[in-house]
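Colleague: could you work out the structure for the sequence below:
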Amino acid sequence: MAVGSRPALAGQRSRLSERVRQLSPSGIRRFFDLIATMQGVISLGVGEPDFVTPWRIREAAIHAIEKGYTHYTSNFGLKELREAVARNLASRYGVEYDPASEILITVGVSEALDLAMRSILDPGDEVIIPEPTYVSYVPCVTLAGGAFIPAPSYVENDFKVKASDIEARVTPRTRAIVVGYPNNPTGAVIERAEFKKIVDVARRHDLLIVSDEIYDRLVYGVQHVCVASLPGARERTIFLGGMSKAYAMTGWRIGFAAAPAEIIEGMMKVHQYTMLCASTLSQLAAVEALRTGEEDVRRMVEEYDRRRRLIAKGLNNIGLTCFEPRGAFYAFPSIRATGLSSQEFAEKLLMEEKVAVVPGDAFGPSGEGYVRCCYAVAAEQIEEALGRIGRFVQRHRA
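Modeller: Here you go, the predicted structure:
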């Protein structure tokens, strides 16, 4: 027993809230902890770029330190960064936001999602979320007092949720729909026509749309659809974006929310009492990323595309059926040929061949029978990992 700890007495109330006690530990982090104890592991589990943040962006932060830019910013974030975000969204997607009142700079998209849920939900409000789903969505709804309603998607439709499946789950308690495309964990994207149908569902039932578009720049052979740019969507959409994935800035923790002023004001209220503001240095680095980082983004996307084709072809050749991911940097192959569950497959593969993947059920029950493989690692590592996975599948084929 740890020094200073005391055993709980029979019948004594837990010191943790019921909401926190009901949360399951992240299925991703558990495998990270295992990897940390092993040597020679090839990790296809961590969802972050293997590229270092481009030099000009790092240099901007160094310059900021040298000049003493180490104080708080506005709760909304640096005016210069909000203006840069607004210009980027207007030029790229044709959607206009007022940087003074409709954009909030956050500590990554994760904080933006948390702020959105806490700002729009009352106890018992329902939120429809397509599955498989990123691991943070459901806990953020739960911690805000809401209820999660899953809308499964299926490999037969390349894991693209259908508007009809969302509408079938709408009740008088439904408050919002959360969509995250390009998708983590599947790599799926949704075409404009289907997104228009989802927006129509939201309009008919007066629902909000929380659109996580952190992977908007990482698409291959398709065009990203910005939900807020669709007819009738802007006034009911909370657009979540950030610098982490496209600019290789995961550790800088810079994201943003763009939405109607009333919603941004509500989110800022929570933000000002919790985070206060995002790191000043990270904000200044993000300004430089938006100003000069376009060529770096193109270079990284070209390399991700090469790796995407390599891993998808390799997995299919091994016998792990994998549909073609069109966005983000994840492949989501079926492991049913082995007869193993997602958890069994991931654990055995790690122990026997020292390759780390994430079990599909970490992303909800709809992910069972699949694993997530991140291809944001060097092509040489992907090739070695495929060889190891191939040996594993041969031994465990059902």
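Colleague: all helices for this protein, in order.
Modeller: Per DSSP state H, the chain carries helices over the ranges 18-22, 27-35, 55-66, 79-93, 108-120, 137-143, 163-167, 192-204, 261-274, 280-292, 294-318, 342-353, 379-396.
Colleague: any chance of a markdown table for the ones you listed, columns distance to Asn184, mean neighbour count and mean pLDDT?
Modeller: (C-beta placed from N, C-alpha, C; glycine too.) Shown next, in a markdown table, are the helices of the chain (distance: least, Cβ to Cβ, whole Å; neighbours: other Cβ atoms under 10 Å; pLDDT from 0 to 100):
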| stretch | distance to Asn184 | mean neighbour count | mean pLDDT |
| --- | --- | --- | --- |
| helix 18-22 | 23 | 10 | 86 |
| helix 27-35 | 10 | 16 | 71 |
| helix 55-66 | 23 | 15 | 97 |
| helix 79-93 | 20 | 18 | 98 |
| helix 108-120 | 11 | 24 | 98 |
| helix 137-143 | 10 | 21 | 96 |
| helix 163-167 | 19 | 18 | 98 |
| helix 192-204 | 17 | 18 | 98 |
| helix 261-274 | 22 | 17 | 97 |
| helix 280-292 | 21 | 21 | 98 |
| helix 294-318 | 14 | 17 | 98 |
| helix 342-353 | 16 | 19 | 96 |
| helix 379-396 | 18 | 17 | 97 |
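Colleague: want to try TSV for the ones you listed, with distance to Ile128 as columns?
Modeller: Converted to TSV, the helices of the chain look like this (distance: least, Cβ to Cβ, whole Å):
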stretch	distance to Ile128
helix 18-22	20
helix 27-35	22
helix 55-66	37
helix 79-93	24
helix 108-120	13
helix 137-143	10
helix 163-167	6
helix 192-204	9
helix 261-274	18
helix 280-292	31
helix 294-318	29
helix 342-353	24
helix 379-396	35
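Colleague: what domains does the record give for this structure?
Modeller: Domain assignment of the chain by automatic domain parsing yields the ranges 19-48+296-396, 56-291.
Colleague: could these go into CSV alongside distance to Arg13?
Modeller: Shown next, in CSV, are the domains of the chain (distance: least, Cβ to Cβ, whole Å):
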stretch, distance to Arg13
domain 19-48+296-396, 11
domain 56-291, 20
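Colleague: Ile42: which of the helices of the chain is closest?
Modeller: For Ile42, the closest of the helices of the chain is helix 379-396, at 4.5 Å, according to Cβ to Cβ.
Colleague: show residues contacting that closest one.
Modeller: For helix 379-396, the surrounding residues in contact (Cβ atoms under 8 Å, 6 or more residues apart in numbering) are 42, 44, 306-307, 310-311, 314-315, 317-320, 337-340, 345, 348-349, 352-355, 373, 375, 377.
Colleague: now do that helix against helix 342-353, angle only.
Modeller: Relative orientation of helix 379-396 versus helix 342-353 (axes from the mean of the first three to the mean of the last three Cα atoms, to 10 degrees): 110 degrees.
Colleague: so how far is helix 379-396 off the chain centroid?
Modeller: 26 Å (Cα atoms, centre = their mean, to the nearest Å).
Colleague: export that helix as PDB, just CAs?
Modeller: Backbone C-alpha positions of helix 379-396 (Å, rounded to 0.1, in the frame of the first residue of the first chain) are rendered in PDB as follows:
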ATOM      1  CA  ALA A 379       8.300   3.000 -45.100                       C
ATOM      2  CA  GLU A 380      11.100   0.700 -44.000                       C
ATOM      3  CA  GLN A 381       9.400   0.100 -40.700                       C
ATOM      4  CA  ILE A 382       6.100  -0.600 -42.400                       C
ATOM      5  CA  GLU A 383       7.700  -3.200 -44.600                       C
ATOM      6  CA  GLU A 384       9.400  -4.900 -41.700                       C
ATOM      7  CA  ALA A 385       6.100  -4.800 -39.700                       C
ATOM      8  CA  LEU A 386       4.200  -6.400 -42.600                       C
ATOM      9  CA  GLY A 387       6.800  -9.200 -42.700                       C
ATOM     10  CA  ARG A 388       6.300  -9.800 -39.000                       C
ATOM     11  CA  ILE A 389       2.500  -9.600 -39.200                       C
ATOM     12  CA  GLY A 390       2.600 -12.000 -42.200                       C
ATOM     13  CA  ARG A 391       4.400 -14.600 -40.100                       C
ATOM     14  CA  PHE A 392       1.900 -14.100 -37.300                       C
ATOM     15  CA  VAL A 393      -1.100 -14.500 -39.500                       C
ATOM     16  CA  GLN A 394       0.300 -17.700 -41.000                       C
ATOM     17  CA  ARG A 395       0.600 -19.200 -37.500                       C
ATOM     18  CA  HIS A 396      -2.800 -18.100 -36.300                       C
END
